[in-house]
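[1] A predicted structure for the sequence below; I have some questions about it.
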Amino acid sequence: MSDQGLGSWTARRRRMSPQAAALVQDGVAVTYAELDDLALRAAHGLRAQGVGRGDRVAWLGFNSIEMVAAMLGTAKLGAVFVPLNTRLAPPEVAWILADSEPTLLCWSPGFETVAESDDVRATGVRRWATGAAAGGAGLGDLLGDLPAGRAAPLAEDIGHDDLFMIQYTSGTSGRPKGVQLTHGNIVWNCYNLLVDVDVRTDEVALVTAPLFHTAALNQVLFPVLLKGGTSLVEARFDPDRAIGLIEEYGVTLLFGVTSMYQAIALSARWPDADLGTLRSALSGGAPLPEALLRTWAERGLPIIQGYGLTEASPGVTMLRAPETLRKLGSAGTPCFFTDVRVVDAALEDAGLQDGRPEDAASGTPGEILVRGPNVTPGYWRNPAATQAAFVPDEGGGWLRTGDLATVDEEGYLRIVDRLKDMYISGGENVYPVEVEAAIYTHPAVAECAVIGVPDERWGEVGQAIVVVRAEHTLTAAELLTHLEPRLARYKLPKQVRFLDELPHNASGKLVKGRIRELLEDR
């Protein structure tokens, strides 16, 4: 038997660096030898519960060493891991369980209300409460009362084409879809990341973004594990604690989304924080405002921006470190093993179905298409969605991302917006990301979002929703005066609303659908 899957990585690391620290949480360190033991124990425990090759294992819990071990143990069996968003309500969890049909739902204490809800019980899925405290390591009680020590190795024949994980999209437009990711998808994504970022064996990565999303898992945890570095696993993100961990452990690699980098920069600890050990600060999920990029660059920490999506495991493009200031705000060029096109046919949908979309002219917004070994084979039990997501081509299908970008003369992409977020005002296309970037240049703005709203005269106009920084004041008139020299008149928001905070999903992304609901309730 030959296990080439991700579950074999703990054993491979064990024979190279058994005593090196693989994971650290709440002061508890786990070596690579110990992580292999935990993953093997998890695999045997799951097998005893009836989990076999191809079966799904759902997991509901915060980031933890236990979660990582359970995921790797699932992989060792050739089973499929289904991480659940910890912010979902019981009916939403129940829908995913009904769709994925896992053999087992494992959940950590703190999630009893969801796991034991009538909605989840009605699915008929067997539930298994794990022994660790919520967010804790649970080293002596992994997945039940199993004997301590090294379990017998498994002999499973697992290849790169085997399914490793189903990650459900956030469901911002309709029901969430289960994105299938193979072992090979993740492996090739790691190769892409390691070509772009100099991850080293002495790396110390801070993992504060949720591991049920693809970015923290596949852009940080797995590449660091592959190189034999150490990951600090945090149950939740806290900006002050993040700064403290960077100083205490000498963190070298950081990943975050806009709200996380913004929160750290606004922390009272920021001016005096010792961030000298940081070598790489990665970002993805949404473009960072240039004002925020400059704030970090002024501290000698240029943030490496990338673009990706769950369906691409997630890396698609990367702005490499030497280019971060010269191409500030760009999402970079395609990753090494990934091909990208930006096509103008997406705006009309003409030409996409016959497989002959035309490339957009330089500087003209178009839809991003992606192809490569890191791209999903399709959606779980949803052939219609899979077919709609891919544009056929002689060299293999291109994934439609639904994201808009421009390409400059040097081939660098700049993300414009989501195709569905663009609105048309007086016949002109308006991209909220561009307007938001201008709003962020005002020093009183902590966070903002722009959405299109109906207008009798113009069809649609922009509405800006703004969170003002503490100890600052800002009026709508002051903001518009600030924006007038920075934006064309048709791009200026016609309405400005102020909120105390904006809603985010568990990965830290703004949820614009929820913003609309909040405004309707007021």
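    Yes, it's here.
[2] Residue 291: what's it in contact with?
    Each residue near residue 291 by Cβ atoms under 8 Å, 6 or more residues apart in numbering is listed here: 437, 440, 441. No exception for glycine: its C-beta is placed from N, CA and C like everyone else's.
[3] Give me the buried entries from the residues you listed.
    437, 440 (16 or more other Cβ atoms under 10 Å).
[4] In strands, which of the contacts of residue 291 appear?
    Counting by DSSP state E, no part of the contacts of residue 291 is found in strands.
[5] I'd like the contacts of residue 291 as TSV, with distance to residue 509 appended.
    Listed next are the contacts of residue 291 as TSV, based on distance: Cβ to Cβ, whole Å:
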residue	distance to residue 509
437	16
440	16
441	21
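[6] Buried residues, the top helix by length along the chain. List them.
    For the chain, the helix that runs over the most residues, judged by DSSP state H, is helix 32-48. Under the neighbour-count criterion of 16+ other Cβ under 10 Å, helix 32-48 has 32-47 buried.
[7] got the CA positions of that helix in CSV?
    Output in CSV follows, covering the C-alpha atoms of helix 32-48 (Å, rounded to 0.1, in the frame of the first residue of the first chain):
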residue,chain,number,x,y,z
TYR,A,32,5.7,16.0,15.1
ALA,A,33,6.1,12.6,16.7
GLU,A,34,3.3,13.4,19.1
LEU,A,35,1.1,14.8,16.3
ASP,A,36,1.6,11.5,14.4
ASP,A,37,0.5,9.6,17.5
LEU,A,38,-2.6,11.8,17.9
ALA,A,39,-3.6,11.5,14.2
LEU,A,40,-3.2,7.7,14.4
ARG,A,41,-5.2,7.5,17.5
ALA,A,42,-7.9,9.6,15.9
ALA,A,43,-7.9,7.4,12.8
HIS,A,44,-8.4,4.2,14.9
GLY,A,45,-11.0,5.9,17.0
LEU,A,46,-12.9,7.0,13.9
ARG,A,47,-12.6,3.5,12.4
ALA,A,48,-14.0,2.0,15.6
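[8] can you pull the pLDDT of residue 338?
    Note for residue 338: predicted pLDDT of 98.
[9] Please report the distance of it from residue 186.
    Distance, residue 338 to residue 186, by Cβ to Cβ, to the nearest Å: 14 Å.
[10] intersection of neighbour lists for these two?
    With Cβ under 8 Å, 6+ apart, residue 338 and residue 186 have common neighbours residue 374.
[11] quick revisit: with respect to residue 206, which of the contacts of residue 291 is nearest?
    Using Cβ to Cβ, residue 440 is the member of those that sits closest to residue 206, with 24.4 Å.
[12] hmm, back to that, can you redo the contacts of residue 291 as CSV with distance to residue 204 and pLDDT?
    Listed next are those as CSV, based on distance: Cβ to Cβ, whole Å; pLDDT from 0 to 100:
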residue, distance to residue 204, pLDDT
437, 32, 85
440, 30, 92
441, 34, 91
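[13] and of the contacts of residue 291, the nearest to residue 457?
    Nearest member of the contacts of residue 291 to residue 457, counting by Cβ to Cβ, is residue 437, at 25.9 Å.
[14] Check the gap between the closest one and residue 416 for me.
    From residue 437 across to residue 416, the span is 11 Å (Cβ to Cβ).
[15] Check residue 224 too.
    32 Å.
[16] go on, residue 311?
    Taken as Cβ to Cβ, the span from residue 311 to residue 416 is 19 Å.
[17] neighbour count winner among these two?
    residue 311 (28 against 22; other Cβ atoms under 10 Å).
[18] my guess is the more buried one is in a strand, correct?
    No - secondary structure of residue 311 (DSSP: H, G, I helix; E, B strand; the rest coil): helix, not part of a strand.
[19] how about the nearest residue to it, chain neighbours excluded?
    Leaving aside its chain neighbours, residue 311 sits nearest to residue 376 (4.6 Å; criterion: Cβ to Cβ, 6 or more residues apart in numbering).
[20] Next one: that neighbour, what pLDDT does it get?
    Predicted confidence (pLDDT) for residue 376: 98.
[21] burial count for it?
    Around residue 376 there are 24 residues (other Cβ under 10 Å).
[22] Please report phi then psi for it.
    Note on residue 376: its backbone torsions stand at phi -50, psi 150 [degrees, to the nearest 10].
[23] mind listing what residue 324 touches?
    Residue 324 neighbours (Cβ under 8 Å, 6+ apart): 293, 297, 302, 303, 304, 305.
[24] if you set the cut-off to 10 Å instead, what comes out?
    With contacts defined as Cβ atoms under 10 Å, 6 or more residues apart in numbering, residue 324 is in contact with 281, 293, 296, 297, 301, 302, 303, 304, 305, 330, 332.
[25] okay if I get the residues you listed as JSON lines plus neighbour count?
    Listed next are the contacts of residue 324 as JSON lines, based on neighbours: other Cβ atoms under 10 Å:
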{"residue": "281", "neighbour count": "23"}
{"residue": "293", "neighbour count": "22"}
{"residue": "296", "neighbour count": "20"}
{"residue": "297", "neighbour count": "15"}
{"residue": "301", "neighbour count": "19"}
{"residue": "302", "neighbour count": "20"}
{"residue": "303", "neighbour count": "24"}
{"residue": "304", "neighbour count": "21"}
{"residue": "305", "neighbour count": "25"}
{"residue": "330", "neighbour count": "23"}
{"residue": "332", "neighbour count": "22"}
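[26] Let's see which of the residues you listed end up in strands.
    281, 304, 305.
[27] Could you report the distance from residue 313 to residue 57?
    For residue 313, the distance to residue 57 - Cβ to Cβ - is 19 Å.
[28] Tell me which of the two has more neighbours.
    Taking other Cβ under 10 Å, residue 313 and residue 57 do not tie; residue 313 has more neighbours (35 against 28).
[29] Report the central residue of the protein.
    Ranked by distance to the mean C-alpha position of the chain (Cα atoms, centre = their mean), the top residue is residue 215 at 3.5 Å.
[30] Any idea how many residues pack against the residue lying closest to that residue once chain neighbours are set aside?
    Distance criterion Cβ to Cβ, 6+ apart; nearest residue to residue 215, sequence neighbours excluded, is residue 284 at 5.1 Å. When counting by other Cβ under 10 Å, one arrives at 28 neighbours for residue 284.
[31] Kindly report the same for residue 202.
    Residue 202 has 12 nearby residues by other Cβ under 10 Å.
[32] And the pLDDT for it?
    Value for residue 202, per-residue pLDDT: 98.
[33] again with the one 10 residues further on
    Reading off the confidence values, residue 212 has pLDDT 91.
[34] which residues are contacting the helix or strand in which residue 242 is found?
    Applying DSSP states H and E as the criterion places residue 242 in helix 239-249. Helix 239-249 has contacts (Cβ under 10 Å, 6+ apart) with 21, 24, 27, 204-206, 208, 230, 232, 234, 238, 251-252, 254, 256, 259-270, 272-278.
[35] As CSV, could you dump the C-alpha coordinates of the next helix or strand after it?
    Using DSSP H and E, the helix or strand that directly follows helix 239-249 along the chain is strand 253-256. In CSV, the C-alpha atoms belonging to strand 253-256 read as follows (Å, rounded to 0.1, in the frame of the first residue of the first chain):
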residue,chain,number,x,y,z
LEU,A,253,4.6,34.3,9.5
LEU,A,254,1.3,35.9,9.8
PHE,A,255,-2.0,35.6,7.9
GLY,A,256,-5.0,37.8,8.1
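[36] where does the stretch 401-522 of the chain dip in pLDDT?
    Filtered on pLDDT under 70, the stretch 401-522 of the chain yields the residue ranges 427-429, 506-507, 521-522.
[37] And what about residue 187, helix, strand or coil?
    Going by three-state DSSP: residue 187 is helix.
[38] Can you check what pLDDT the model gives it?
    So, for residue 187, pLDDT stands at 98.
[39] Next, the contact list for it, please.
    4, 5, 6, 9, 160, 164, 218, 222, 226, 313, 373, 374.
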